[in-house]
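Trainee: can't give you the sequence, but here's the structure:
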């Protein structure tokens, strides 16, 4: 096989640059690292308790966003101490288990017994979109803290306008269509009953919501709904269970916390048939202007987040069409902007039709921060405190920040700390990334990648089109190399190799938390490790992960070669090109160095050879019969320490570094990691602004200490001077309460420019991009336009009479969005209702006939009656969403795109 390798968290869209952690404090002049000296991380069981602790100063902030219902009843004096930071990057969806036997479309066989699975039928899954009243969820359960969501594209995403006609095509409305849903389920069940020859039947029951229950083989058809209890998804789950029983299908309501639900739904084979429905919730840890990642994440089996989660040997729903569309989108295999959006729309529509996930609402939650203590905190305008920025910019008077994450069990996190299969819940990810530096970050203002621990030097593109595909014309130089995972060595590229793109990247290396100095060797290892673990060299290859390879191998296929220019510069040649963004193209080719190569090698060692102390076998992922590798587990740390000791004793050097690393250098690195792990009790060694100084598994709590090494590239004020966070806030919409169809309507939008970071201030806006639409009661757009600035803070648009002429009477919605630019990653939205009335009917008077001696007077003709509007099949008037008809109450919505590769479970 070979020696050993390295791991770089290669995320599908090409962010092969994402991992890191831990730290040894070193004095330095001038001061390096963050403004804070220390972060203390605790746990709280509920949001209600956490809000009280933040308001009373026991905590500085709570690392979880909470719905408006939590804040509704708190004392006024508490509210005075709180700064609420909005998170519009979350959503709810109902995950359905579509499993069935390969040769039987409706049947699941478990331990020799057959069960009928209604969600194996696509028509029934799709019918759930009509069965749910999303307006009820928003208004009654979330108290207005969200908006209806119909697909994987967030409705507050600026790109959502490209998908609304898909929802209109299927007649999806916020209120749903219960009658249609019941009809669709009935038709599907009757069809299945006919095919099953009497095994599936109805039995009357006056106590059943539907007046009957469906039975299969003499037992009620029953589905198991796993319902989360920590937030309003509990009420959502109970509501949906009640709705589903109206179809005659019984629901077993299993109410549980994060741990109970996750271990059943995500960590069991769907074919075990332990669950049918899960009330899933998701949070994004950053915003992006691109939505293809969201579509792939939620709908595409190859991406690894559909039921079965790409676990080898588990039953998994498949759809080759959506796989190809999303993979082509993520790998840049489109040639025009129109093709880009057309493929996204097709993939989204397939996902909606299949409805493995039935999206219900986009949630608007709020993080509580103690405004008396916390200052200069940068945050993502979309996802709030989930991004990297808050913990690396915040400060307090004593430079100590006390935070808490939600946990109702003994462990702080449900996810392990490892850079391949770990950090997949929002809490471990948010806290962990304070200790590591990704190579690049998402700019919170633009939603595009920006360099962080790298510098993007230049880019060259050269290609031509053949048969609708890009063909590279850039000669890859002969000194370029590629890693061969079978031969376990770097090889020169073949003569005549050509590429579409060449990027040049400079790295900003610094010392790792164990005191070793980062170098290009860490990048070399990261590259080789990606190739090694995504390549099946031979049957039983121990350095291969099928789950990892499913997302990484397609990325590596697009890379043609690497030129290691000097000690901190690399050139990468490849065929990936994002037509809409050079930043996204750079991002694709960046390999991170957040973890040092010797830490990766130690993890590889115990996965391949087993734990030297425990004798346990390990894996990057949760695999039955193996330990789920965790860098902060005391037991796992023992094995990792023994691994570096063994490698040191053997004088081991990884194959990919044999040309650049001596045995002496390798031994020094192994010793540094061993000393660090023995001192701090964990193996979480990285390069970020904080390191994990203390972790108590019994209490539990963590202490993150500032990493002050003089080689660290950023000081406390670096980010304060680097960028400004600005958003546009709509104060009100001024429009008439009523208007006649066919008449012009003047709409004024009052907008304030709000600076959130580094200082807090507000001025009347003069540069906002204000986009206005008028929507019918059915949600169809009848007008769109851009408002013009008429005076500081005031924008105006005229809705021409031609837009409303012939439109039926009813309550219409004026929707205005304000952003810093047309291409901004987020905007704020306000809505206001306006009553559209029909123009008066003018009757032509008939003159009184002149009397004459003999003719009979001509009868006066009756006026032609106004035509009766044609009924649209099953529409329901659009909800007013808190807006008083004709009034000026508005809803502010932060708009943004949820970044594909930072979605995390809640």
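Mentor: Cool, the structure landed. These numbers come from a predicted model, not from an experiment. Residues are numbered from 1 along each chain as shown.
Trainee: in this structure residue 264 contacts residue 275, no?
Mentor: Yes - Residue 264 lies in contact with residue 275 (Cβ atoms under 8 Å); the separation is 5.5 Å. All C-beta atoms are positioned from the backbone trio N, CA, C, and that covers glycine.
Trainee: who has more neighbours, these two?
Mentor: Shown here are residue 264 and residue 275; by other Cβ atoms under 10 Å, residue 275 has more neighbours (23 against 17).
Trainee: pretty sure the more buried one sits against residue 224.
Mentor: Yes - proximity of residue 275 to residue 224 meets the contact threshold set by Cβ under 8 Å, at 5.1 Å.
Trainee: common neighbours of these two, please.
Mentor: residue 254 (Cβ atoms under 8 Å, 6 or more residues apart in numbering).
Trainee: which neighbours do residue 264 and residue 275 have in common?
Mentor: Among the neighbours of residue 264, those also in contact with residue 275 (Cβ under 8 Å, 6+ apart) are residue 226.
Trainee: and the host helix or strand of residue 763, what's buried?
Mentor: Following DSSP states H and E, one finds residue 763 within strand 761-764. Using 16 or more other Cβ atoms under 10 Å as the test for burial, strand 761-764 gives no buried residues.
Trainee: so for it, mean pLDDT?
Mentor: Averaging pLDDT along strand 761-764 yields 96.
Trainee: how about stretch 825-837?
Mentor: Across stretch 825-837, pLDDT averages out at 88.
Trainee: next: stretch 534-546.
Mentor: Mean pLDDT, stretch 534-546: 95.
Trainee: now do the buried residues in it.
Mentor: The neighbour-count check on stretch 534-546 (16+ other Cβ under 10 Å) flags 534-535, 537, 541, 543-545 as buried.
Trainee: in its sheet, which strands sit next to the strand holding residue 763, and in what direction?
Mentor: Here strand 761-764 has these sheet partners by DSSP bridges: strand 745-757 (antiparallel).
Trainee: quick check: mean pLDDT across the strand it pairs with?
Mentor: On average, strand 745-757 scores 96.
Trainee: give me the buried positions along that strand.
Mentor: Buried, per 16+ other Cβ under 10 Å, within strand 745-757: 745, 747-754, 756-757.
Trainee: is it possible to get TSV of these that adds distance to residue 395?
Mentor: Listed next are these as TSV, based on distance: Cβ to Cβ, whole Å:
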residue	distance to residue 395
745	48
747	42
748	40
749	36
750	34
751	30
752	26
753	25
754	21
756	15
757	12
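Trainee: state the pair within the buried residues of stretch 534-546 that is farthest apart.
Mentor: Pairwise distances across the buried residues of stretch 534-546 (Cβ to Cβ) peak at 12.6 Å, for the pair 537 and 545.
Trainee: greatest separation within the buried residues of strand 745-757: which pair is it?
Mentor: 745 and 757 (37.5 Å).
Trainee: wait, what's in contact with the residue nearest to residue 623 when sequence neighbours are not counted?
Mentor: Excluding the flanking residues, the one nearest residue 623 by Cβ to Cβ, 6 or more residues apart in numbering is residue 311, at 7.5 Å. If you count contacts by Cβ under 8 Å, 6+ apart, residue 311 has them with 269, 547, 621, 623.
Trainee: to what extent is the nearest residue to the first one once chain neighbours are set aside buried, counted in neighbours?
Mentor: Spelled out, that is residue 269. Computed as Cβ to Cβ, 6+ apart, the closest residue to residue 269 that is not its neighbour in sequence is residue 314, at 4.3 Å. Residues near residue 314, counting by other Cβ under 10 Å, number 15.
Trainee: where's residue 314, which helix or strand?
Mentor: Assigned by DSSP H and E, residue 314 belongs to no helix or strand.
Trainee: got the phi/psi numbers for residue 570?
Mentor: phi -140, psi 150 (degrees, to the nearest 10).
Trainee: pretty sure it sits against residue 505.
Mentor: Yes - between residue 570 and residue 505 there is a contact under Cβ under 8 Å: 5.5 Å.
Trainee: which residues do those two both contact?
Mentor: Counting by Cβ under 8 Å, 6+ apart, no residue touches both residue 570 and residue 505.
Trainee: list the buried residues of stretch 599-610.
Mentor: Judged by neighbour count using 16+ other Cβ under 10 Å, the buried positions of stretch 599-610 are 599-608, 610.
Trainee: ok, what's across the strand from the residue nearest to residue 241 when sequence neighbours are not counted?
Mentor: Nearest in space to residue 241, with sequence neighbours left out and distances taken as Cβ to Cβ, 6+ apart, is residue 251 at 4.1 Å. Counting by DSSP bridges, residue 251 is bridged to residue 223.
Trainee: so which of the buried residues of stretch 599-610 are in helices?
Mentor: 599-608 (DSSP state H).
Trainee: what's the closest of those to residue 332?
Mentor: Of all these, residue 332 sits closest to residue 600, with 27.9 Å by Cβ to Cβ.
Trainee: surely that closest one touches residue 529?
Mentor: Yes - using Cβ under 8 Å, residue 600 is in contact with residue 529, at 6.0 Å.
Trainee: circling back to that earlier point, what subset of the contacts of residue 311 is buried?
Mentor: The neighbour-count criterion (16+ other Cβ under 10 Å) marks 269, 547, 621, 623 among those as buried.
Trainee: wait, what's in contact with residue 97?
Mentor: 117, 119, 270, 273, 275-277, 307.
Trainee: mind listing the strands for the stretch 151-300 of the chain?
Mentor: Assigned by DSSP state E, counting those that start in this stretch, the strands in the stretch 151-300 of the chain fall at 200-204, 212-216, 219-220, 222-228, 250-256, 277-284.
Trainee: so which of those strands is the most surrounded?
Mentor: Most buried of the strands of the stretch 151-300 of the chain by mean neighbour count (mean count of other Cβ atoms under 10 Å) is strand 277-284; its value is a mean of 25.
Trainee: against which helices or strands is it packed?
Mentor: strand 82-96, strand 222-228, helix 233-245, helix 258-265, strand 903-905 (3 or more Cβ pairs under 8 Å, 6 or more residues apart in numbering; DSSP states H and E).
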